[in-house]
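Undergrad: below is the sequence, then the predicted model.
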Amino acid sequence: MSDESATVNITISNNPHFILHTQKRILVAPHSTTEVEVRFLPSSFGAIDSQSCILEFSSPQMGEWSYKLQGEGVEPVSMEQIVVSCALGQINQTILPFKNPLCKDINVKVKLVPKVSALENDKDSQFELLLRDTEFIIASNVRVDIPYSFRPVDMIQREAYIIIEVLDDVHLTNLKWQFPVKGVPVYKVSESYVKPLVTTKCKERVECFLELILDVDAHF
């Protein structure tokens, strides 16, 4: 610890795999500590292909010191759920951006698997994959957009999985990315709808009837 503020310069090696998410020059107050955020972006999996970097600090007040960071990539699990909303009877076309994180090109197959209940079947799915070709090659560190749509025909939430699976690679057996998608239907009120207004005098009671016509084509 020091009785004066210290200016600290930070450098990091192996930039493709380790990203410094902190200013390269920071000011540390006297008798205090600070945190430095480093993100690891693996391009391979397993301990054999682990990556390392050197995180170096230098300060005119405190000297120089360094840390060695080691990172090991693990195979992906289910990703964060994507929520898509759409007005009943309409269609929402959107994309799933996917970047090949590996240091090699990969041949992939993309498929959409609906999550259905025991009372439903695959035909009840209201998601659709909008790819002309579902098998293609993604170059290393290249991003592709995977289009899909959600078209609700009732007011029931639907779920599905967009799965990106690596093909024809003995070193990447069973490697896949799984993106859960939830579709939320929204009932859009007509612009011609007039809100009912009920008025009465203070301390008086009034009763009225509100007639509600349900859409027979929608299953609530």
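TA: On my side now, so go ahead. Quick caveat: nothing in here was measured; it's all calculated off a predicted structure.
Undergrad: how about the strands in this structure?
TA: 6-12, 18-20, 25-28, 38-40, 51-59, 63-71, 82-87, 92-99, 106-115, 127-129, 135-138, 143-150, 158-167, 176-186 (DSSP state E).
Undergrad: show me what the second one is packed up against.
TA: What it means is strand 18-20. Applying 3 or more CB pairs under 8 Å, 6 or more residues apart in numbering; DSSP states H and E, one finds that strand 18-20 makes contact with strand 6-12, strand 38-40, strand 51-59. Backbone N, C-alpha and C define where each C-beta goes, glycine included.
Undergrad: switch the ones you listed over to a markdown table; also include mean neighbour count, distance to Lys188 and mean pLDDT.
TA: Converted to a markdown table, the helices and strands packed on strand 18-20 look like this (neighbours: other CB atoms under 10 Å; distance: least, CB to CB, whole Å; pLDDT from 0 to 100):
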| stretch | mean neighbour count | distance to Lys188 | mean pLDDT |
| --- | --- | --- | --- |
| strand 6-12 | 16 | 50 | 92 |
| strand 38-40 | 14 | 41 | 91 |
| strand 51-59 | 16 | 50 | 92 |
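Undergrad: okay, those strands in TSV with distance to Asn92 next?
TA: Written out in TSV, the entries for the helices and strands packed on strand 18-20 read as follows (distance: least, CB to CB, whole Å):
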stretch	distance to Asn92
strand 6-12	41
strand 38-40	32
strand 51-59	39
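Undergrad: low-confidence regions, this structure specifically.
TA: 1-2, 47-48, 117-124, 189-194, 212-220 (pLDDT under 70).
Undergrad: any idea which residue sits dead centre in it?
TA: In the chain, the residue lying closest to the centroid (CA atoms, centre = their mean) is Glu80, at 5.0 Å.
Undergrad: state the distance from it to Trp177.
TA: 12 Å (CB to CB, to the nearest Å).
Undergrad: cool, Ile12 as well?
TA: 27 Å.
Undergrad: got it, and Ile164?
TA: For Ile164, the distance to Trp177 - CB to CB - is 5 Å.
Undergrad: find residues that contact each of these two.
TA: Residues touching both Ile164 and Trp177 (CB atoms under 8 Å, 6 or more residues apart in numbering): Phe98.
Undergrad: quick one on the thing from earlier: need the strands of the chain in JSON lines with distance to Cys208, can you?
TA: Supplementary listing: the strands of the chain in JSON lines, determined by distance: least, CB to CB, whole Å:
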{"stretch": "strand 6-12", "distance to Cys208": "70"}
{"stretch": "strand 18-20", "distance to Cys208": "63"}
{"stretch": "strand 25-28", "distance to Cys208": "67"}
{"stretch": "strand 38-40", "distance to Cys208": "61"}
{"stretch": "strand 51-59", "distance to Cys208": "71"}
{"stretch": "strand 63-71", "distance to Cys208": "68"}
{"stretch": "strand 82-87", "distance to Cys208": "30"}
{"stretch": "strand 92-99", "distance to Cys208": "38"}
{"stretch": "strand 106-115", "distance to Cys208": "44"}
{"stretch": "strand 127-129", "distance to Cys208": "43"}
{"stretch": "strand 135-138", "distance to Cys208": "61"}
{"stretch": "strand 143-150", "distance to Cys208": "39"}
{"stretch": "strand 158-167", "distance to Cys208": "37"}
{"stretch": "strand 176-186", "distance to Cys208": "28"}
